[in-house]
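Student: predicted model, plus sequence, below.
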Amino acid sequence: MAWFKVDDHFWSHPKTAALSDAATALWLRAGSWSAGHLTDGRVPSSMLRFFSARRRSADELVAAGLWTVDGDTFVFHSWAEYQPSKEQVEAKRDATKKRVNAWRERQGNGVTNTSPDGDRNAPPDPTRPDPAPISTSTEVERGTRKRATRIPEPFIVTADMRADMHAEYPHLDINHSTKQFVDYWRSASGKNALKKEWVAAWRFWMRRDGQAMTTPRAGQQPRPTRDDENLSVVARLAAQEAAQQKGLTA
């Protein structure tokens, strides 16, 4: 994952202080997109619609000296001075891949149990601002453990989490089940209300609800899905209309 770095004085810099909110949002979104797609600060003008931005916001960034224009492409000013280049990011990824593969090979041969990330005192990743320390297996052996907490406020369901659950249980009402999950754990008390992995707990809850929809208890019919309920309503309306027509023609 590449990171788009924003200076902590961005908000007060003379070039940005007078920007409109729309231009500021465009600059941030475009920068994040460029970092993620490794375009080295080059943003095609066709992406403005994707960013829900207007041309006048782009013109405002050009006028402020934050962007330049190269044909149909907007270019971030001094991108290479503040952001890692595509070449640097790919070299970093390749080195990480080789290091992890080597670590896995050593693990398979029983040579070592050290972390693939090596020395935690090594220089921080230049593509990640303010990186958090990475725990090693040695620290775990010494008793370092992740602390259990109450459910986060707010509890955020990401697009990836939602997509994974939808793939497993297409008929599951994820919004409804999530609301029940959050309400239950908000009202819970005691040690049972503390979890180390709330995302894992959410997945367990979603799968339980999804399985309940598809696996009936003994002597019970499967719970109808929302699509089934909609079809049932349509069928009833069709039957009523047919009966009315029959009554008119009798």
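Tutor: Arrived safely.

Student: show me what contacts the nearest residue to residue 2 once chain neighbours are set aside?
Tutor: Closest residue to residue 2 apart from its sequence neighbours, by C-beta to C-beta, 6 or more residues apart in numbering: residue 35 at 4.5 Å. C-beta: built from backbone N, CA, C; applies to glycine. Shown in contact with residue 35 (C-beta atoms under 8 Å, 6 or more residues apart in numbering): 2-4, 83.

Student: looking at this, residue 35 is in a helix?
Tutor: Yes. Counting by DSSP: H, G, I helix; E, B strand; the rest coil, residue 35 falls inside a helix.

Student: per-residue pLDDT, it?
Tutor: As predicted, residue 35 sits at a pLDDT of 93.

Student: quick thing: my sequence starts at 440, can you match it?
Tutor: Fine by me, first position is 440 from now on; the one you just mentioned is residue 474.

Student: please determine how far it is located from residue 524.
Tutor: Taking C-beta to C-beta, to the nearest Å as the measure, residue 474 falls 11 Å from residue 524.

Student: repeat for residue 476
Tutor: For residue 476, the distance to residue 524 - C-beta to C-beta - is 13 Å.

Student: not counting its neighbours along the chain, what's nearest residue 508?
Tutor: Spatial nearest neighbour of residue 508, chain neighbours left out: residue 501 (6.0 Å); criterion: C-beta to C-beta, 6+ apart.

Student: on the C-terminal side of the helix or strand containing the one you found, identify the next helix or strand.
Tutor: Assigned by DSSP states H and E, residue 501 belongs to helix 494-502. Downstream of helix 494-502, the next assigned helix or strand under DSSP H and E is strand 506-509.

Student: so in that sheet, which strands flank that next one, and in what orientation?
Tutor: strand 512-515 (antiparallel) (DSSP bridges).

Student: what does the strand it pairs with rub up against?
Tutor: Applying C-beta under 8 Å, 6+ apart, the contact partners of strand 512-515 are 469-470, 473, 480-484, 497, 500-501, 505-508, 522.

Student: got it, and stretch 493-502?
Tutor: Residues outside stretch 493-502 that contact it (C-beta under 8 Å, 6+ apart): 458-459, 461-462, 464-466, 484, 487, 506-508, 513.

Student: now do 10 Å
Tutor: Counting contacts by C-beta atoms under 10 Å, 6 or more residues apart in numbering, the residues outside stretch 493-502 that touch it are 454-455, 457-466, 469, 482, 484, 486-487, 490, 492, 505-508, 513-516.

Student: quick check: phi and psi on the spatially most central residue of the chain?
Tutor: Nearest to the mean C-alpha position of the chain, by C-alpha atoms, centre = their mean, lies residue 597 at 4.8 Å. When read as degrees, to the nearest 10, the backbone of residue 597 gives phi -80, psi 170.

Student: residues contacting it?
Tutor: With contact set as C-beta under 10 Å, 6+ apart, residue 597 has these partners: 603, 638.
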